[in-house]
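Q: no letters, just coordinates:
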């Protein structure tokens, strides 16, 4: 079967935006068409990753609106929701559309518009993605993160500062990302002195609420070669669920969906953790970066914090993680985040990452839905 | 490429149900596992077609909840929304998952829970799937239907009764469908004397608001043969958009999405309209059955009504349409409807349609999103 290539990528400025969801989707979509050098009429499938435009803005059918706005008719359209990993699910759906032969040119646009709602309203929608036996008793995603962090620190004798260093590292990377919500450094003391949200985690251990959109253009490799010789291939991709009731998991520090989707993506690509040169992980909460590093085999269980402490995951380290700034600094517009991870890896592998550029031939994205309720891992490689 | 087979099908009773969305999805999902003779652990991908569980019930992440409820972990999950054609989009997504090699066993479950909301609340959500330039001025789906019906009747000199006969035929078919919301006959006079909704259309020209769920099990044909020799293959499938602003269309009686998706599905299958033995069309409004019959080539433009008048589309006619009862009598739980169309064609092609059984080797489903804003056409054939 022919490999699936990515020939274009774009993202809007993430942050507090005045535009509504349709405008944000169109902005990234049009930019991606331009970046890929593809005419809108060439799009055969158009996928929109978006969790909750209906809940946030009272507008549904946004994929059909996008086809209209960018002139892509009669492209087939579909909206894809996998909660906070909708973007990764979108990459998987777009990959399937090309790999199955259904489409020779698929545009994926992920986006969310959230900041016009209060934090309470936004978190109410997000809480509803978990099982009611938990969220209706107040056990929401931030409290899972707090309990997991406490357990991790005590069990593995990890210093509290190591979590703060994740936030600080990602903020430092975000300074050089013109699309990041926060282009400012945050030092470890600032994290440690910020208000408590879910003990031991504090405000700066959490990603913000964000508006924004990101896009990728996928096609068969033979079609890619007609457009460019600077493209990326998806060599491995897989997704997997873990228990929907989070407290049913045997080990709170093991995210089964990360492990399973990572193994699937490694197997498909013929790669292993040692081959990954750069990774975008889903740092919705700082503790999640540790759990994904361990689930994906970048570190043994209970030891990811050491790689953060010794600088291995910094931009000039052995395995740079979240060179984009991560969700922490770049922001987390739900449906856009997984797509934006792909945009960063695409730019790193094609040498378009400007001041964030690292030396990389193989990259990985891990997009986490809920508290690992469903996870998608994607491995991308620079075209040979 | 290996063909994609359907080896199991199920649907819940459609109507006013007391269960919430997760229970409805699990009911159809478990029934489909049993019908297919497949263990839950064998499911690799699990797709949920659902437009608006968040808006209707304040619950999101229902695909992850379903994986939990039926014991399908660690299957990859995804929710698919294409408004009122979410079910057809789900068939397309599930087809892609198998055709791409990503999954060897995909369970698709479509469902919606709506009747606990008032008609006004439900129609507010549905209205939001069209373009705000139209619905915010009060031009919603029923009014499009009314205007289109008036135009069609006058332009093609069709009798008002021919629309009523669509409703009456589909209700007659629904009497023999134990899962239909309304298992009762409705005669032409009753339709013509029912309250006006959008002139010339009256209450019985419209489908109801419905709760329910339906499911299909898809796998490669070689895997299907391990389970059964009574299966169906998807020989053609395609989807296409039309203008998102409905009033921009050149001819209000031509649904471009129907024409384009139909042509794509015919081309892929090597079939034409003359090969279709039975069809499920999206009769959300009676006028839509005419427009799809014409868009799919079953009748010339302006002449579909004649085939209804002369009985050709009745169960014992030349081309039986909506043997299930259609959306009109069976009901229209948004995300379930397109899947339920597939369930009916599967049952017709495998000889499991009981009192509704017709003689058929090739069947077609046409699932319409919005007012033709996006349409999916699927052609299925009995395994040879």
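A: That came in fine, so what should we check first? Note that the coordinates shown come from a computational prediction; the quantities given were computed from them, not determined experimentally.
Q: please make it C-alpha for all contacts and neighbour counts, starting now.
A: OK.
Q: residues contacting the spatially closest residue to residue A:315 that is not a sequence neighbour?
A: The shortest distance from residue A:315 to any non-neighbouring residue, by CA to CA, 6 or more residues apart in numbering or on different chains, is to residue A:323 (6.2 Å). For residue A:323, the contact set (CA atoms under 8 Å, 6 or more residues apart in numbering or on different chains) comprises A:170, A:173, A:174, A:278, A:279, A:280, A:314, A:315, A:344, A:356.
Q: out of those, which sit inside strands?
A: A:278, A:279, A:280 (DSSP state E).
Q: pLDDT value on the first one, please?
A: The predicted structure scores residue A:278 at 98 on the pLDDT scale.
Q: got the contacts of residue A:323 as a markdown table, with neighbour count columns?
A: Listed next are the contacts of residue A:323 as a markdown table, based on neighbours: other CA atoms under 10 Å in any protein chain shown:
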| residue | neighbour count |
| --- | --- |
| A:170 | 27 |
| A:173 | 26 |
| A:174 | 28 |
| A:278 | 27 |
| A:279 | 29 |
| A:280 | 28 |
| A:314 | 21 |
| A:315 | 22 |
| A:344 | 29 |
| A:356 | 20 |
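Q: so which bits of the stretch 251-384 of chain A are right by chain B?
A: A:257, A:260, A:373, A:374 (CA under 8 Å from any CA of the partner chain).
Q: distance-wise, check the residue nearest to residue A:315 relative to residue A:279.
A: According to CA to CA, to the nearest Å, residue A:323 stands 8 Å off from residue A:279.
Q: how about residue A:299?
A: 13 Å.
Q: over to residue A:308?
A: Going from residue A:308 to residue A:279 by CA to CA gives 14 Å.
Q: residue A:316 now?
A: When residue A:316 is compared with residue A:279 (using CA to CA), they lie 13 Å apart.
Q: surely residue A:198 meets residue A:142?
A: Yes - under the criterion of CA atoms under 8 Å, residue A:198 makes contact with residue A:142 at 6.3 Å.
Q: check contacts around the closest residue to residue A:8 other than its chain neighbours.
A: Using CA to CA, 6+ apart and skipping the chain neighbours, the partner closest in space to residue A:8 is residue A:36 (4.1 Å). If you count contacts by CA under 8 Å, 6+ apart, residue A:36 has them with A:7, A:8, A:9, A:217, A:227.
Q: quick check, the first one in a strand?
A: Going back to what we said before, that points to residue A:7. Yes - assessed by DSSP: H, G, I helix; E, B strand; the rest coil, residue A:7 belongs to a strand.
Q: neighbours of it, how many?
A: 30 (other CA atoms under 10 Å in any protein chain shown).
Q: could you do the second one as well?
A: Here the count is done by other CA under 10 Å, and residue A:8 has 27 residues near it.
Q: who's in contact with stretch A:158-172?
A: A:152-153, A:182-188, A:191-192, A:204-205, A:286-287, A:289, A:305-306, A:308-309, A:314, A:322-326, A:328-329.
Q: in a helix, residue A:65, correct?
A: Yes - Residue A:65 forms part of a helix when assessed by three-state DSSP.
Q: tell me the spacing between it and residue A:199.
A: 43 Å.
Q: between the two, which is the more surrounded one?
A: Comparing residue A:65 with residue A:199 by other CA under 10 Å, the one with more neighbours is residue A:65, at 25 against 14.
Q: I figured that one hits residue B:246, correct?
A: No - applying CA under 8 Å, one finds residue A:65 not in contact with residue B:246, separated by 11.4 Å.
Q: find the residues that touch each one of those two.
A: By CA under 8 Å, 6+ apart, no residue touches both residue A:65 and residue B:246.
Q: look up how far residue B:20 lies from the residue positioned nearest the centre of chain A.
A: Nearest to the mean C-alpha position of chain A, counting by CA atoms, centre = their mean, stands residue A:338 at 2.9 Å. Per CA to CA, residue A:338 is found 30 Å from residue B:20.
Q: quick one, domains of chain A?
A: A:4-117+A:210-232, A:131-208+A:236-382 (automatic domain parsing).
Q: contact partners for the residue nearest to the centre of chain A?
A: A:85, A:86, A:87, A:88, A:89, A:91, A:110, A:365, A:366, A:367.
Q: can you redo these as CSV with secondary structure?
A: Shown next, in CSV, are the contacts of residue A:338 (three-state DSSP):
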residue, secondary structure
A:85, coil
A:86, helix
A:87, helix
A:88, helix
A:89, helix
A:91, helix
A:110, strand
A:365, strand
A:366, strand
A:367, strand
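Q: now those residues as a markdown table including neighbour count, pLDDT and distance to residue B:127?
A: Shown next, in a markdown table, are those (neighbours: other CA atoms under 10 Å in any protein chain shown; pLDDT from 0 to 100; distance: CA to CA, whole Å):
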| residue | neighbour count | pLDDT | distance to residue B:127 |
| --- | --- | --- | --- |
| A:85 | 31 | 98 | 27 |
| A:86 | 33 | 98 | 24 |
| A:87 | 37 | 98 | 26 |
| A:88 | 35 | 98 | 29 |
| A:89 | 33 | 98 | 27 |
| A:91 | 31 | 98 | 29 |
| A:110 | 35 | 98 | 23 |
| A:365 | 28 | 98 | 37 |
| A:366 | 29 | 98 | 36 |
| A:367 | 31 | 98 | 32 |
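Q: of these, which is the nearest to chain B?
A: residue A:89 (7.0 Å; CA to the nearest CA).
Q: give the contact list for the closest one.
A: Neighbours of residue A:89 in contact, by CA under 8 Å, 6+ apart: A:49, A:80, A:81, A:82, A:239, A:338, A:376, B:78.
Q: same thing but 7 Å
A: A:80, A:82, A:376, B:78 (CA atoms under 7 Å, 6 or more residues apart in numbering or on different chains).
Q: next, work out how far apart residue A:142 and chain B are.
A: Counting by CA to the nearest CA, to the nearest Å, the gap from residue A:142 to chain B is 17 Å.
Q: now that residue: which helix or strand?
A: Assigned by DSSP states H and E, residue A:142 falls within helix A:141-155.
Q: what lies in contact with that helix?
A: A:127, A:159, A:160, A:198, A:199, A:200, A:201, A:252, A:253, A:285, A:287, A:371.
Q: what about these, which are in helices?
A: Cross-referencing the contacts of helix A:141-155 against helices under DSSP state H gives A:127, A:160, A:287.
Q: same list (these) but as JSON lines, adding neighbour count and distance to residue B:98.
A: Converted to JSON lines, the ones in helices among the contacts of helix A:141-155 look like this (neighbours: other CA atoms under 10 Å in any protein chain shown; distance: CA to CA, whole Å):
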{"residue": "A:127", "neighbour count": "24", "distance to residue B:98": "32"}
{"residue": "A:160", "neighbour count": "17", "distance to residue B:98": "45"}
{"residue": "A:287", "neighbour count": "26", "distance to residue B:98": "35"}
